[in-house]
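A.B. asks: Could you look at this predicted model? Sequence included:
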Amino acid sequence: MRRCLRGKVGRPGGRVARAVAACLAALVFVVVPQVAGASLRILLTNDDGYDAPGLRALRDALVAAGHEVVTVAPAHNQSGKGGSMNTHAFDYTPGKGLMKLVDTTPGDANPVWSLDGTPLDSLKAGLSVVMAGAPPDLVVSGLNFGQNLGIDGSTSSGTMGAALGALVRGIPSMAGSVGIVFEERDAHFRSTTEAFPLAAAFMVKLVERFESAGGLPRGVRMLNVNFPVPWSALKGVRRSRLARRGGVGLELFDPSRGLPALHVPPAPFPDCASSDACFVVVGFLPGAAPEPGTDVALHDEGYITVTPMDGDMTTAGFWSGWRLGRFLRGLEP
């Protein structure tokens, strides 16, 4: 930086502000050895499955843009799997350690592989088996059917789990998710399906920006991109931060008591409060009002949100570390 400024400020007519801006611009992006204008080698995955409409739309758009796209995705829907993975080491039993990997498009220059495993398993199979010896320039995960917002959405989503798995392995990644309008459940979430091609086109623009800039911005190792619907109501694009909660939660409730908040009536099952054995079921529950400026708030306002992530979940700040030191003082094994 100092050497850069020395060369610019001293020029006739040069101004310090312009010089600083020029030098900062040169430092913004992480330099990745790529040939300008060359297509990228991309590993594509998701959690909805290898034949999900969101993944198909994104694959088609990336291939049409001239990129080499290798898809390795779960054979079946793995939504909500987060960073879960197969842990049956050296177990050759089908359904346990042995997972079936199938090329569903033999002879295609941009193959689509399905794996009988989780999104993170799919990522690892892509890196260590399908693309072994020729790693991707970028991992793209999505397009997910439903938004992945907030800390809880980002840690529980399989789409996010695969992207985070790439991040910790030193490969830049992007995750894309298209929101759903819960009132459209009887119409099979039409707005989401209609938005997939448009969201895919935007993801291609992000990939092209990544390519032309030589990488993601310095300090950013992953992008979490969420698209609200309907597309016709979009207001623009905003940088965001993760909310503490994802806006709408998938919570468990006792079906014998129903869910009054959503007008779900009681069902004929044993009452968990008075039975030794009962059932619980998953339901959508609205969250609290989102914090301003977070991905949830901006998503609700109609903006495409782009949240930078680095994968570091360590609590930051001097005082947090100092207080923990006091908390641990005197403890011995």
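C.D. replies: Thanks, I have it.

A.B. asks: Is Pro197 located within a strand, as I assumed?
C.D. replies: No: secondary structure of Pro197 (DSSP: H, G, I helix; E, B strand; the rest coil): helix, not part of a strand.

A.B. asks: surely it meets Leu58?
C.D. replies: No: Pro197 lies out of contact with Leu58 (Cβ atoms under 8 Å); the separation is 9.2 Å. Any C-beta I mention is one placed from the backbone N, CA and C, and that applies to glycine too.

A.B. asks: okay, these two: which has more neighbours?
C.D. replies: Remark: of Pro197 and Leu58, Leu58 carries more neighbours, 30 against 17, as counted by other Cβ atoms under 10 Å.

A.B. asks: Surely that one is in contact with Gly142?
C.D. replies: Yes: using Cβ under 8 Å, Leu58 is in contact with Gly142, at 6.0 Å.

A.B. asks: now the strands: where do they sit in this protein?
C.D. replies: 41-45, 68-74, 101-103, 112-115, 138-145, 173-178, 222-227, 236-239, 248-253, 281-286, 303-309 (DSSP state E).

A.B. asks: For Arg218, give its distance to Ile171.
C.D. replies: 16 Å (Cβ to Cβ, to the nearest Å).

A.B. asks: the helices in this structure, which residues?
C.D. replies: Counting by DSSP state H, the chain has helices at residues 2-9, 16-27, 53-64, 119-125, 150-156, 158-168, 190-213, 295-300, 318-328.

A.B. asks: buried stuff in stretch 97-113?
C.D. replies: Going by neighbour count (16 or more other Cβ atoms under 10 Å), the buried part of stretch 97-113 is 99, 101, 110, 112-113.

A.B. asks: Stretch 225-234 too?
C.D. replies: Buried residues in stretch 225-234, counted by 16+ other Cβ under 10 Å: 225-229, 231, 234.

A.B. asks: Could you do stretch 127-135 as well?
C.D. replies: Neighbour-count burial for stretch 127-135, with 16+ other Cβ under 10 Å as criterion, is recorded at 127, 130.

A.B. asks: Spit out the residues that contact Leu58 and Gly142 alike.
C.D. replies: 176, 203 (Cβ atoms under 8 Å, 6 or more residues apart in numbering).

A.B. asks: Contacts only, for Met271.
C.D. replies: Careful, residue 271 is Asp; it's not Met. Contacts of Asp271 (Cβ under 8 Å, 6+ apart): 254, 256-257, 278.

A.B. asks: And it, what's its pLDDT?
C.D. replies: As predicted, Asp271 sits at a pLDDT of 90.

A.B. asks: and it, how far is that from Asp254?
C.D. replies: 7 Å.

A.B. asks: Need the overlap of contacts for these two.
C.D. replies: Counting by Cβ under 8 Å, 6+ apart, the contacts common to Asp271 and Asp254 are Cys278.

A.B. asks: surely Gly215 meets Met174?
C.D. replies: No: taking contacts as Cβ under 8 Å, Gly215 lies outside contact range of Met174: 12.0 Å.
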